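**Student:** need a structure here:
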Amino acid sequence: MDAVRWSTLLADWRTHQGALYLRLSAAFQGVIRGGKLAPAEQLPAERTLAELLGVSRSTVVAAYDHLAEGGWVTRRRGSGTHVSGSAPRQTPVLTLRTPVQPPVPPADELDFTIAVPLLDDTQRQQLREAALDAFRESVYHPLGLRDLRAVLAGSYTREGLPTLPEQVIVTGGAQQAISLVTSTGLRPGDAALLETPTYFGAIDVFRAAGAHLHGVPVQEDGLNFEEFRALTLKHAPRLAFLTPTFQNPTGTVMPVQTRRKLADFIASTNLTTIEDDTLYDLNFEATPPPRLSTFAPDAPILNVGSLSKLYWAGLRVGWMRVPTPLRPALEQAKTLADFGGSLPAQHIALKLLQDLPALRDRRRQEVQPARDLLARLLRQQLPDWEFTLPHGGQYLWVRLPTRHASSFTHHAARYGVRLFPGASMSVIDLPDSYLRLPFTLAPAELPEAVRRLEAAWADFQTRQGQERLA
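**Tutor:** Numbers count the residues shown, from 1 in each chain. Prediction:
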């Protein structure tokens, strides 16, 4: 069984109503109706699914029987349980790795799946003041406000990457930028390279494009350059996605010497590469190395940034710095996508980014204490969980002493903690032993979150190898 896939498909099964078997049946009906399971596709074996979800085998048997009674699945002794060809369904869609909250999340749930900054009253007032000039015009700016593009270009230039305003395209968050580059650069069947583990949003976009994904392992000092080089020469990829600085999720930082070699190689192979800069500003101890693109400014390296991690995810303002040869295709794609982003959001972003150093300092002052608190609590209460303290970013990449981390995420949900299995962030086989824990929860909530994790982990260890209880 693909534990990661089934864990993702059934992540919110307990949020349904009724007895456990009815909740599980309802979850399966939802993924079948939504096109995420194909006709005749086999469901997991009863005992195997019971172990993943932390329930008794009889609960799974009852759920499958209920599905069969409703015509959703067919069951035959010796051949297993399969999706019925007559079951209601929509056009097939991907099973996304990207975690999303259920429509009505439990009231007291603590969520470790999405990392977003929290706004305080001072920042809310700052947003209101920044919006005073946000409604003065009613025109389209497909590539973004000229003044905002100029501010972003100036920031890149001051940090060693010469950039003209014409090279900057403002997007609806970094995710839209990644999607636009993917739509112009990849066709079904093309090869693509990603670090592994890596950002789940990039995995989903590349999968949706029909690309063949190849993973480059991330080591203690970032991407393995020799593996990247070998895979490029072997598969001739059309697009690569990299996060050299405070890599998501491991927090690693690629050394300068590796950046030089990698930039030279990208330039020599003309491999279009997305450099994800969304965490670049979140350094704690020291200034990070120059961006990868600064070592080859004319290479096909696109820098993607956003205010989502630096200030507030609700603003939905991102951007990309585009090498000149790639501009025509991306300018057209952006225009076709939306005719231009929200003018109020861009005017607010313009005001905020005019004092970028202040934004960076404030965000560091918020995130670093939370990182230190979460790390201290985990070391005190869960000492067998292993991690390296990152020098920036907003995640701990935690290794659990188990090969069933996906199952533990379901178990932790019973204790009111929402987790994301780290193996979902890989495009090659990765031991199912990791969790990505962002330190972006409110500091006041972290002690309770770790207390719940400790209780869930103790119970999970006790239950491993035993019959699961309904």
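**Student:** so in the protein, which helix runs the longest?
**Tutor:** In terms of residue count, the longest helix belonging to the chain (DSSP state H) is helix 356-381.
**Student:** for that helix, packing partners?
**Tutor:** Applying 3 or more C-beta pairs under 8 Å, 6 or more residues apart in numbering; DSSP states H and E, we find helix 356-381 packed against strand 395-399, helix 446-463. Heads up, the C-betas are built off the backbone N, CA and C, glycines and all.
**Student:** identify whichever of these lies nearest to Gln101.
**Tutor:** Nearest to Gln101, of all the helices and strands packed on helix 356-381, is helix 446-463, at 16.1 Å by C-beta to C-beta.
**Student:** biggest strand in this structure by residues?
**Tutor:** The strand that spans the most residues within the chain, counting by DSSP state E, is strand 212-219.
**Student:** ok now the helix or strand following that strand, how far from the chain's centre?
**Tutor:** Tracing the chain C-terminally past strand 212-219 and defining elements by DSSP states H and E, one meets strand 222-223 next. Relative to its chain's centre, strand 222-223 lies at 18 Å (C-alpha atoms, centre = their mean, to the nearest Å).
**Student:** just the angle for the helix or strand that strand 222-223 is followed by relative to strand 212-219, thanks.
**Tutor:** Downstream of strand 222-223, the first helix or strand assigned by DSSP H and E is helix 225-235. Angle, helix 225-235 to strand 212-219, by axes from the mean of the first three to the mean of the last three C-alpha atoms, to 10 degrees: 170 degrees.
**Student:** other residues contacting helix 225-235?
**Tutor:** Here helix 225-235 makes contact (C-beta atoms under 8 Å, 6 or more residues apart in numbering) with 191, 193, 212, 214, 216-217, 237, 240, 258, 261-262, 265, 269, 271.
**Student:** sketch out the low-pLDDT regions of the chain for me.
**Tutor:** 102-105, 465-470 (pLDDT under 70).
**Student:** and whichever strand or helix holds Leu22, C-alpha only, in PDB?
**Tutor:** Assigned by DSSP H and E, Leu22 belongs to helix 20-33. Coordinates of each C-alpha in helix 20-33 appear next as PDB, following Å, rounded to 0.1, in the frame of the first residue of the first chain:
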ATOM      1  CA  LEU A  20     -16.200   5.400  12.900                       C
ATOM      2  CA  TYR A  21     -17.200   3.000  10.100                       C
ATOM      3  CA  LEU A  22     -19.700   5.500   8.800                       C
ATOM      4  CA  ARG A  23     -17.100   8.300   8.900                       C
ATOM      5  CA  LEU A  24     -14.600   6.200   7.000                       C
ATOM      6  CA  SER A  25     -17.300   5.200   4.500                       C
ATOM      7  CA  ALA A  26     -18.200   8.900   3.900                       C
ATOM      8  CA  ALA A  27     -14.600   9.800   3.300                       C
ATOM      9  CA  PHE A  28     -14.200   7.100   0.700                       C
ATOM     10  CA  GLN A  29     -17.500   8.200  -1.000                       C
ATOM     11  CA  GLY A  30     -16.000  11.800  -1.100                       C
ATOM     12  CA  VAL A  31     -12.800  10.800  -2.800                       C
ATOM     13  CA  ILE A  32     -14.600   8.400  -5.200                       C
ATOM     14  CA  ARG A  33     -17.200  11.100  -6.100                       C
END
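**Student:** any idea how far the spatially closest residue to Leu186 that is not a sequence neighbour is from Arg187?
**Tutor:** Of all residues not flanking Leu186 in the chain, Ala209 sits nearest, at 4.2 Å (C-beta to C-beta, 6 or more residues apart in numbering). Going from Ala209 to Arg187 by C-beta to C-beta, to the nearest Å gives 7 Å.
**Student:** neighbour count winner among the two?
**Tutor:** Comparing Ala209 with Arg187 by other C-beta atoms under 10 Å, the one with more neighbours is Ala209, at 20 against 10.
**Student:** residue contacts, the more buried one?
**Tutor:** Going by C-beta under 8 Å, 6+ apart, Ala209 touches Thr182, Ser183, Leu186, Arg187, Pro188, Asp190, Ala192.
**Student:** most neighbours out of these, which is it?
**Tutor:** Ranked by the number of neighbours (other C-beta under 10 Å), those place Ala192 first, at 25 neighbours.
**Student:** helix or strand for that one, which one?
**Tutor:** strand 191-196.
**Student:** so what strands line up beside that strand?
**Tutor:** strand 212-219 (parallel), strand 239-242 (parallel) (DSSP bridges).
**Student:** now these as a markdown table including mean neighbour count?
**Tutor:** Output for these, formatted as a markdown table (neighbours: other C-beta atoms under 10 Å):
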| stretch | mean neighbour count |
| --- | --- |
| strand 212-219 | 19 |
| strand 239-242 | 25 |
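**Student:** distance to Pro142 added to those, as JSON lines?
**Tutor:** Output for these, formatted as JSON lines (distance: least, C-beta to C-beta, whole Å):
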{"stretch": "strand 212-219", "distance to Pro142": "30"}
{"stretch": "strand 239-242", "distance to Pro142": "23"}
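**Student:** please report how far Val367 lies from Val398.
**Tutor:** Taking C-beta to C-beta, one finds Val367 at 17 Å from Val398.
**Student:** over to Asp133?
**Tutor:** Look at Asp133 and Val398: by C-beta to C-beta, they are 44 Å apart.
**Student:** who's more crowded, those two?
**Tutor:** For the pair Asp133 and Val398, the greater number of neighbours falls to Val398 (22 against 13), based on other C-beta under 10 Å.
**Student:** I'd say that one and Thr388 touch.
**Tutor:** No - Val398 is beyond contact range of Thr388, at 9.7 Å (criterion: C-beta atoms under 8 Å).
**Student:** against Glu137, how distant is the spatially most distant residue from the centre of the chain?
**Tutor:** Distance to the chain centre peaks in the chain at Arg77, reaching 39.8 Å (criterion: C-alpha atoms, centre = their mean). According to C-beta to C-beta, Arg77 and Glu137 sit 69 Å apart.
**Student:** returning to what we had before: between the contacts of helix 225-235, which is closest to His66?
**Tutor:** When the contacts of helix 225-235 are compared for distance to His66 (C-beta to C-beta), His212 comes out closest, at 38.1 Å.
**Student:** show me what the closest one is bridged to.
**Tutor:** Beta-bridge partners recorded for His212 (DSSP bridges): Ala191.
**Student:** what's the spacing between it and Asp2?
**Tutor:** 18 Å.
**Student:** assign the closest residue to Leu20 other than its chain neighbours to helix, strand or coil.
**Tutor:** Closest residue to Leu20 apart from its sequence neighbours, by C-beta to C-beta, 6+ apart: Thr59 at 4.9 Å. Put simply, Thr59 is helix when judged by DSSP: H, G, I helix; E, B strand; the rest coil.
**Student:** likewise for the one 4 residues further on?
**Tutor:** Using three-state DSSP, the three-state assignment for Ala63 comes out as helix.
**Student:** how far does stretch 356-374 sit from the chain's center?
**Tutor:** 21 Å.
**Student:** and it, which residues are buried?
**Tutor:** Leu356, Leu359, Arg360, Arg362, Arg363, Glu366, Val367, Gln368, Ala370, Arg371, Leu373, Leu374 (16 or more other C-beta atoms under 10 Å).
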